[in-house]
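Peer 1: The following block contains a protein sequence and its predicted model.
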Amino acid sequence: MLNRLANAFKSLLPGPFSIALLLTLVVVLASVFRMLQVDSLPEALLTTADFWQRGLFNPPMLAFTVQMMLMLVLGHALALSPPIERFLNHMAGLTCRNSVTAAFWVSLLTIVVAWYNWGLGLVFGAIYARKCAEYAGSRGIAINYPLIGAAGYSGLMIWHGGLSGSSLAKAAEKGHLQSLFPEMASSLPESLDYSQTVFSTMNLSVSLALLLSIPLFMAFLAKRSSARVPDIGNGFPPKALPETPEGAERLDHSPVTGRIAGLLIATVSVIVLLRSANV
């Protein structure tokens, strides 16, 4: 059953970038069709192209794009850091007893991490699923690896209600909502802080319900699905050791540099979060 569903999605859905291009084409065609009622075809095409160019290179939109990219890139870097890797290896040994426990814990921890940061959760869940498969394969434990992989992406069901939700972060910026709808600016609040969104009773209730229900549902599926010992080779390729740094190159390879930068980012993030939540 699961294989049939997976094959159906593979045959019907292209990759994310292709979906973005197709949606862009649909919007362009809809725009041109709408403007053909008052303009000629060349004018409609040129006007649509102008709107697309101005929208794509709109300064606030570019700033938002960079913010989202940083969330993903920095979350990715954190998920691949040695402390997180050691934690994942330790958790894989504790939780990968069979397919049920692996599915439960992979989804549970991925949801918690994704609530904190969607970029970190996205990579964390995938690597955690892989670590469980490596552990199971090395010890002859039968698991449903495709289901464990799906559990590794369960954080996508909760991330936007967490601390890194993009619309929630933008709504907390002073004047952002009013800039989106200038004609209604007088009736809109200057901002919606996290106490009204992330930490609202409704959002916390939904997040808690998902935190409890998704791991139990994944365990339910694992209990009723077939399992076998995964064979995924020798794991990730070893990291290439850097050449011996000389002079100022030592800053590039020194762990102190990264720790200072990480401490500064974490400190500023906590201060901004506390202010947004009015704590």
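Peer 2: That came through fine.
Peer 1: where are the low-confidence patches of this structure?
Peer 2: 1-3, 233-243, 245, 276-279 (pLDDT under 70).
Peer 1: List the residues that contact the residue nearest the centre of it.
Peer 2: Central residue of the chain (Cα atoms, centre = their mean): W118, 3.4 Å from the mean position. By Cβ atoms under 8 Å, 6 or more residues apart in numbering, the residues touching W118 are 71-72, 75, 155-156, 159-160, 162, 164-165. C-betas here are computed from N, CA, C, even on glycine.
Peer 1: Show me how this protein divides into domains.
Peer 2: Residue ranges for the domains of the chain, per automatic domain parsing: 19-51, 58-232+254-276.
Peer 1: so can I have a markdown table of those domains showing distance to F9?
Peer 2: Output for those, formatted as a markdown table (distance: least, Cβ to Cβ, whole Å):
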| stretch | distance to F9 |
| --- | --- |
| domain 19-51 | 12 |
| domain 58-232+254-276 | 11 |
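Peer 1: Of those domains, flag the one that's most buried.
Peer 2: Greatest average neighbour count among those goes to domain 58-232+254-276 (a mean of 17), per mean count of other Cβ atoms under 10 Å.
Peer 1: show me where the stretch 101-250 of the chain has helices.
Peer 2: Along the stretch 101-250 of the chain, counting by DSSP state H, counting those that start in this stretch, helices occupy 118-139, 145-151, 166-171, 176-180, 201-223, 250-253.
Peer 1: Between those helices, which one is closest to T101.
Peer 2: For T101, the closest of the helices of the stretch 101-250 of the chain is helix 201-223, at 7.7 Å, according to Cβ to Cβ.
Peer 1: other SSEs contacting the closest one?
Peer 2: Packed against helix 201-223 by the contact rule (3 or more Cβ pairs under 8 Å, 6 or more residues apart in numbering; DSSP states H and E) you find helix 99-116, helix 145-151.
Peer 1: just so I know, which of the domains of the chain lies nearest N7?
Peer 2: Taking the domains of the chain one by one with Cβ to Cβ, domain 58-232+254-276 is closest: 11.8 Å.
Peer 1: Run the chain-centre distance for the closest one.
Peer 2: 6 Å (Cα atoms, centre = their mean, to the nearest Å).
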